[in-house]
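Colleague: Build me a structure from this.
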Amino acid sequence: MPRKVRYNLAASLDGFIATPTGSYSWIVDDKTIDFDSLYAQFGCFVMGRTTHETYLAMDPAENPLRAYYKTGSVVVVSDTLDRDLETQVEVVKLGEVESFVRALKGREGEKDGDIWLMGGGKLAGEMLRLGLVDTVEVAVMPVLLGEGVKMFEGKGREDGWRLELRGCERKETGILMLEYDVLYGEP
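Modeller: Model prediction:
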């Protein structure tokens, strides 16, 4: 079975993934979410430069990607960043992301697991437009931000993208865990 690109993220009820300053301190802490199990489902992590810089700024003991650096499992899409020698992430130019991700999706069994599209909104929007996002898995926080970084940025489609609900779970904290398949080409 081919690997899937899964856009897995936390978002405010009004559709933002970060504040205008990039803060994510508004994300509700829910101890019932097993992040170790979540990360184990993925063999590759794809993100934009700003998301990468957010992870690098974390305390190394709290950075969930620390185990994946230097393994070739972390990919940063950026037109301005060169290869990061410290973490040895792979850097891909935005214009090359389609062919790169299609090749990643075709590598069955390599490093086991799906591909986690971690953000940000600009990269997610571009990958959606290119038909690369298979699922959108959003933890909707019981928070309204009013402004910030959108889940998907950039040019949309007149008729949007249809989604099919695959799963919905309500957490005691008020978080809604939603899973959708993206239905490309369907009205």
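Colleague: Just the element for residue 177, please.
Modeller: strand 176-183 (DSSP states H and E).
Colleague: Give me the contact list for that strand.
Modeller: 128, 133-140, 161-171 (CB atoms under 8 Å, 6 or more residues apart in numbering). C-beta: built from backbone N, CA, C; applies to glycine.
Colleague: Run me through the strand neighbours of it, direction for each.
Modeller: strand 135-141 (antiparallel), strand 162-170 (antiparallel) (DSSP bridges).
Colleague: What residues sit buried inside it?
Modeller: 177, 178, 179, 180, 182 (16 or more other CB atoms under 10 Å).
Colleague: Columns pLDDT on top of those, output as CSV?
Modeller: Shown next, in CSV, are the buried residues of strand 176-183 (pLDDT from 0 to 100):
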residue, pLDDT
177, 98
178, 98
179, 98
180, 98
182, 96
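Colleague: Show me what residue 7 is bridged to.
Modeller: With DSSP bridges as the rule, residue 7 is bridged to residue 117, residue 136.
Colleague: on that earlier part again, pick the most deeply packed of the strands paired with strand 176-183.
Modeller: Mean neighbour counts were taken over the strands paired with strand 176-183 using mean count of other CB atoms under 10 Å, and the top value, a mean of 20, falls to strand 135-141.
Colleague: The helix or strand just after it - what's its average pLDDT?
Modeller: The first helix or strand that comes after strand 135-141 along the chain, using DSSP H and E, is strand 149-150. Averaging pLDDT along strand 149-150 yields 96.
Colleague: what's next to strand 149-150, contact-wise?
Modeller: The contact list for strand 149-150 (CB under 8 Å, 6+ apart) reads 15, 16, 17, 18, 19, 20, 22, 119, 120, 121.
Colleague: Of the residues you listed, which belong to strands?
Modeller: 16, 17, 18, 119 (DSSP state E).
Colleague: I'd like those written out as JSON lines, with pLDDT and neighbour count added.
Modeller: Compiled in JSON lines, the ones in strands among the contacts of strand 149-150 are given as follows (pLDDT from 0 to 100; neighbours: other CB atoms under 10 Å):
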{"residue": "16", "pLDDT": "97", "neighbour count": "22"}
{"residue": "17", "pLDDT": "96", "neighbour count": "26"}
{"residue": "18", "pLDDT": "95", "neighbour count": "24"}
{"residue": "119", "pLDDT": "87", "neighbour count": "24"}
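Colleague: For the chain, just list every one of the strands.
Modeller: 5-12, 16-18, 42-48, 74-77, 90-92, 114-119, 135-141, 149-150, 162-170, 176-183.
Colleague: angle of the first one against strand 114-119?
Modeller: With axes from the mean of the first three to the mean of the last three CA atoms, to 10 degrees as the basis, strand 5-12 and strand 114-119 are set at 40 degrees to each other.
Colleague: Sounds good, over and out.
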